[in-house]
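Q: just need the structure, nothing else, for what follows:
(one chain, ligands or ions: 1)
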Amino acid sequence: MAPSLVETIPVRPVESIEPPTEQIAAKDKSQGTYKEAFAQSAHTTNYEAELKGSAKHPPAAYPHYLPYWDNVTYPPLEPFEAYEHGKDADPAFVNLLSGAADVADLTANIGAEVKGVQISKLSKAGKDELALFVAQKKVVAFRDQDLADLPIQEALDFAEYYGPSHIHQASGAPKGFPKVHLVHRSADDTTARDYFQDRTNSITWHTDVSFEMQPPGTTFLYLLDGPTAGGDTLFGNMAEAYNRLSPAFQQRLHGLKALHSGHEQAANAQARHSIVRREPVSNVHPIVRTHPATGEKALYVNPQFTRRILGFKKEESDNLLKFLYDHIALCADLQARVKWEKRTVICWDNRVTAHTAILDWQDGQRRHSARLTPQAERPFETAFQE
Ligand SMILES: [Fe+2]
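A: Purely as a prediction, here's the structure:
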């Protein structure tokens, strides 16, 4: 046969330049719209480098806080009667702040930094005031704290004043302490570099585990090891996000409920051969929730866990949720980017904030932090008021 005028140029088979289609489909199926920039498992933890250090990085400063995935399964979380300690607080904050060396707002509408107060040593009245102060400021960075240096059980006992600890369905935990949620990147980890092969940004606005029936309220995260620059956490004021909307729009949101799902997070954990400690759950929460101590109303949807507005058709739900997600993400004027330091505890009220980690350092420095996660009331809403 005569050669064709148009020669077929052999091309590299598709599978040699990208994963097979089935692999991509399986990944998409396990993730759906779920986006997680800090997925971890036993496979992503380099225990050798963590315990002994690597050529470039020292050993972990808090090896007893290294994450382990124990494959122990837990029963469903039980409903409980939550008690809001912020309601008992003296709004003058005498017991919390009278001895403080410095109290400064981070921005005009969200965030504060406190120096000279040791939160683990607060009196009962001081703890009540912390709950209210954090509810008002939304996020507070307490510097030079001893929480990381206490026995882990003592740190948990401190946090459990605010409610029973949540046990995360998929995260690693220090040996013997499943109630401690860890965020950990080993030394020499290449996740950030790898992550941006497939994504343009690492921003994942969410409120923690909003798929639970009684998600966390006053929440504590403390740094154990971190990069010299990078790894900040960005917080948004969801009460202010609600206030920015017109009264007519606010009124439309009242009464709407949305489904929040933990199934994608569990599927994602399974796909990376991690553990799922508990049957994943979904729960329905109001789109506008009311804070029990301040009475503030706040938007309560997030792209990581909210899936569908009940009673709306899919396109209606998708469009309204997209507007709200864009609103939350674009309002840099109601956000604070909080910098971590050694011995910092960042405390936020998970009911009236959203947050996102920032995966921006790529030099292999370890990042290791621990979260104490007291659960709070089932989200509720109060009537619209003009
Ligand atoms: Fe989070």
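
Q: quick one, phi psi at the residue nearest to R143 when sequence neighbours are not counted?
A: What sits nearest to R143 in space, not counting adjacent residues and going by Cβ to Cβ, 6 or more residues apart in numbering, is K115, at 4.9 Å. The way it works is simple: take the backbone N, C-alpha and C, and place the C-beta from them, glycine included. Main-chain torsions, K115, degrees, to the nearest 10: phi -120, psi 140.

Q: shaky segments in this structure?
A: Low-confidence segments of the chain (pLDDT under 70): 1-33, 38-39.

Q: run through who's touching the longest helix along it.
A: The helix that spans the most residues within the chain, counting by DSSP state H, is helix 314-330. Applying Cβ atoms under 8 Å, 6 or more residues apart in numbering, the set of residues contacting helix 314-330 from outside is 203, 205, 236, 238, 241, 244-245, 258, 287, 299, 301-303, 306, 308-309, 312, 354.

Q: 7 Å instead?
A: For helix 314-330, contacts defined as Cβ atoms under 7 Å, 6 or more residues apart in numbering pick out I203, W205, G236, A241, L299, V301, P303, T306, R308, I309, F312, A354.

Q: quick one: which of those sit in strands?
A: Taking DSSP state E as the definition of strands, those contribute G236, L299, T306, R308, I309, A354.

Q: filter the contacts of helix 314-330 to the buried ones?
A: Burial by neighbour count, 16 or more other Cβ atoms under 10 Å: within these this picks out W205, G236, A241, L299, V301, P303, T306, R308, I309, A354.

Q: any chance of the residues you listed in TSV, plus distance to V180?
A: Listed next are the buried ones among the contacts of helix 314-330 as TSV, based on distance: Cβ to Cβ, whole Å:
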residue	distance to V180
W205	24
G236	25
A241	30
L299	29
V301	28
P303	26
T306	26
R308	32
I309	34
A354	23
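
Q: coming back round to it: ok, the residue nearest to R143 - contacts?
A: K115 makes contact with A100, A101, D102, R143, D144 under the criterion Cβ under 7 Å, 6+ apart.

Q: same thing but at 6 Å, please
A: Residues in contact with K115, defined by Cβ atoms under 6 Å, 6 or more residues apart in numbering, are A101, D102, R143.

Q: ok, those residues vs S171, which is closest?
A: For these, the closest approach to S171 (Cβ to Cβ) belongs to R143, at 25.7 Å.

Q: coming back round to it: farthest pair in the contacts of helix 314-330?
A: The largest separation in these, counting by Cβ to Cβ, is between I203 and F312 at 25.5 Å.

Q: please report phi then psi for A135.
A: Here the main-chain torsion angles of A135 (degrees, to the nearest 10) amount to phi -60, psi -40.

Q: coming back round to it: any chance of the contacts of helix 314-330 in JSON lines, with distance to H64 too?
A: As requested, the contacts of helix 314-330 are arranged in JSON lines below (distance: Cβ to Cβ, whole Å):
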{"residue": "I203", "distance to H64": "32"}
{"residue": "W205", "distance to H64": "32"}
{"residue": "G236", "distance to H64": "33"}
{"residue": "A241", "distance to H64": "39"}
{"residue": "L299", "distance to H64": "38"}
{"residue": "V301", "distance to H64": "37"}
{"residue": "P303", "distance to H64": "35"}
{"residue": "T306", "distance to H64": "36"}
{"residue": "R308", "distance to H64": "42"}
{"residue": "I309", "distance to H64": "44"}
{"residue": "F312", "distance to H64": "48"}
{"residue": "A354", "distance to H64": "31"}
